[in-house]
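Engineer: what's the 3D shape of this:
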Amino acid sequence: MIVSFSDTKKLPPISLVGGKGFNLIKMCSQGLNVPSGFILTTEFFKPWFSQLQQTKAWQTFIAKLDQIDSLQQHCEELKMIVGSYTFNQEQHTQLALCLERYQETNLFAVRSSSPEEDGETASFAGLYETVLGVPKSGLLDAVRTTFASCLDYRLLRYKIDNHYDVLKPGIAVVIQIQIDSESAGVAFSLNPITNDYDEVVINSNFGLGESVVSGLATPDNFIVNKHTQGIVSKIS
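Structural biologist: Numbering: from 1, shown residues only. The predicted structure is shown next:
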């Protein structure tokens with residue numbers, strides 16, 4: 001099952017499209033200028049999870065889940081297995097229909113959208129994989145990479161430490177037109193340091209924003225007053 005950002009008649013549940021997908025659809029429904037795209041839902045990936053759960057590697061993973069020292073090895077084995085998965089006929093047909101509206105020259109950002117992301121008790125920031133600059137011909141590989149990140153050792157350790165059920169993995173994947181931006185970053189709708197609801201905080205850098213979210217560079221920092229739209233402070 002695939003959901004377009006423009007499917008705004010009724011907001012889908014986060015359990016189906018994940019937190020990121022839900023908010024992208026919500027922003028589109030409010031008329032915001034969001035680059036077009038669609039979401040491969042958690043239902044879309046049920047065949048892959050079903051296939052994985054029938055493997056010997058999955059059974060070993062379950063049996064030795066309490067042995068933290070060997071968890072990374074088991075995670076790598078699971079990721080290697082899903083790295084060979086391909087779309088079945090139904091998945092391929094659904095995806096092909098969604099891609100008909102896009103040009104062969106279009107590039108896409110392939111992003112995770114987990115139902116568990118950005119909750120009240122845990123964020124999962126930076127734990128899932130994003131693949132940028134993906135042509136139509138590279139979507140299967142990019143989707144597999146993002147999907148496999150829900151089995152990553154760092155992610156599962158984070159889930160264990162925060163009391164999430166690691167035996168019921170779930171992920172949706174966002175496929176979105178990528179903007180060739182000169183600069184990009186992250187904006188917070190309230191000041192996360194002072195909890196000031198009157199301030200927007202923007203962290204930005206040249207490029208596609210990957211250096212900001214990955215921590216590879218110290219970004220420029222802007223604090224903007226929502227009411228006056230003036231810059232309160234700037235650090236660059």
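Engineer: so which residue is smack in the middle of the chain?
Structural biologist: Centroid check for the chain by CA atoms, centre = their mean gives Ser112 as the closest residue, at 1.9 Å.
Engineer: who's in contact with that residue?
Structural biologist: 18, 20, 128-130, 146, 149-150, 171-174 (CB atoms under 8 Å, 6 or more residues apart in numbering). (Each C-beta comes from the backbone N, C-alpha and C, glycine too.)
Engineer: Tyr197: which of those is nearest?
Structural biologist: Of all the contacts of Ser112, Tyr197 sits closest to Lys20, with 22.6 Å by CB to CB.
Engineer: the closest one - nearest residue in space that isn't next to it in sequence?
Structural biologist: Distances taken as CB to CB, 6 or more residues apart in numbering place Ser113 nearest to Lys20, at 4.0 Å, with adjacent residues excluded.
Engineer: same question for Ser236.
Structural biologist: Asp220 (4.1 Å).
Engineer: the helix or strand of the chain with the lowest mean pLDDT: which residues count as buried?
Structural biologist: Sorting the helices and strands of the chain by mean pLDDT, DSSP states H and E puts helix 210-213 at the bottom, at a mean of 79. By 16 or more other CB atoms under 10 Å, the buried positions in helix 210-213 come out as 211-213.
Engineer: that older thread, tell me, how many residues neighbour the residue nearest to Ser236?
Structural biologist: Here the count is done by other CB atoms under 10 Å, and Asp220 has 16 residues near it.
Engineer: any weak-confidence spans in this protein?
Structural biologist: Low-confidence segments of the chain (pLDDT under 70): 8, 118-122.
Engineer: what strands line up against the lengthiest strand in the chain, and which way round?
Structural biologist: Looking across the chain with DSSP state E, the single longest strand is strand 199-206. Sheet partners assigned to strand 199-206 using DSSP bridges are listed as strand 183-188 (antiparallel), strand 220-225 (antiparallel).
Engineer: ranges for the strands of this protein?
Structural biologist: 2-4, 37-40, 108-113, 131-134, 172-177, 183-188, 199-206, 220-225, 231-235.
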